[in-house]
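Participant: for reference, the sequence and a predicted model appear below.
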Amino acid sequence: MATLCDMNQRITRTSSSATGLAADPAPSLRYSVPLSATPRGARLARILAVEQLASWGLPFDPARLLVAELAANAVQHGRVAGRSFRLTLAVVPPATLRIEVTDTRGDRLPVRAPDPGGTLSESGHGLLLVAETADRWGVEEGPVPCKTVWAELDLGPDAGR
């Protein structure tokens, strides 16, 4: 089995044990790419995600926002010098778009800040946006030193056809 940190290999996972679900079904569509852990890499993640979703015939909003936030967090909080992060998009049965961003800072798990209550701060709202936009989201730890932050969007019954 390939590890999450082996950025050149297929990534294999099962559902979060917190949900009590069996292993995820095989994705019907899958795209995965390593990107530099820089602002340019985060921007490229958003651009590539939009292009890939369009090629699959899927709407790119709100997925574009989720990719942007997760990639920005990987660059800002998950960056390790000389290491990349990985963006993975997958459409899994019955009709779910799963967005995953894997970085090599498994020791720094994301923490959703409390609702800022209307403060004017320019940062700290990313996971709040993810939580409000995604149908589900979470974090998978490991294998060391990695973590994957994921978000899922429910699609219509004809998604990707």
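Facilitator: Happy to help now that I have it. Residues are numbered from 1 along each chain as shown.

Participant: what lies in contact with the helix or strand where A72 lies?
Facilitator: Under the criterion of DSSP states H and E, A72 resides in helix 63-77. Helix 63-77 is contacted by residues 35, 37-39, 41-42, 45-46, 49-50, 53, 85, 87, 89, 97, 99, 101-103, 105, 108, 110, 126-127, 129-130, 133-134, 149, 151, 153 when judged by Cβ atoms under 8 Å, 6 or more residues apart in numbering. In this view, the C-beta of every residue, glycine as well, is placed from N, C-alpha and C.

Participant: check contacts around the residue nearest the centre of the chain.
Facilitator: The residue lying closest to the centre of the chain (Cα atoms, centre = their mean) is E100, at 2.5 Å. Shown in contact with E100 (Cβ under 8 Å, 6+ apart): 11, 86-90, 148-150.

Participant: can I get the residues you listed in JSON lines with pLDDT?
Facilitator: JSON lines is the format used below for the contacts of E100 (pLDDT from 0 to 100):
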{"residue": "I11", "pLDDT": "36"}
{"residue": "R86", "pLDDT": "97"}
{"residue": "L87", "pLDDT": "98"}
{"residue": "T88", "pLDDT": "98"}
{"residue": "L89", "pLDDT": "98"}
{"residue": "A90", "pLDDT": "97"}
{"residue": "T148", "pLDDT": "96"}
{"residue": "V149", "pLDDT": "96"}
{"residue": "W150", "pLDDT": "97"}
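
Participant: next, format those residues as CSV and append secondary structure and neighbour count.
Facilitator: Shown next, in CSV, are the contacts of E100 (DSSP: H, G, I helix; E, B strand; the rest coil; neighbours: other Cβ atoms under 10 Å):
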residue, secondary structure, neighbour count
I11, coil, 20
R86, strand, 23
L87, strand, 26
T88, strand, 19
L89, strand, 23
A90, strand, 20
T148, strand, 22
V149, strand, 26
W150, strand, 22
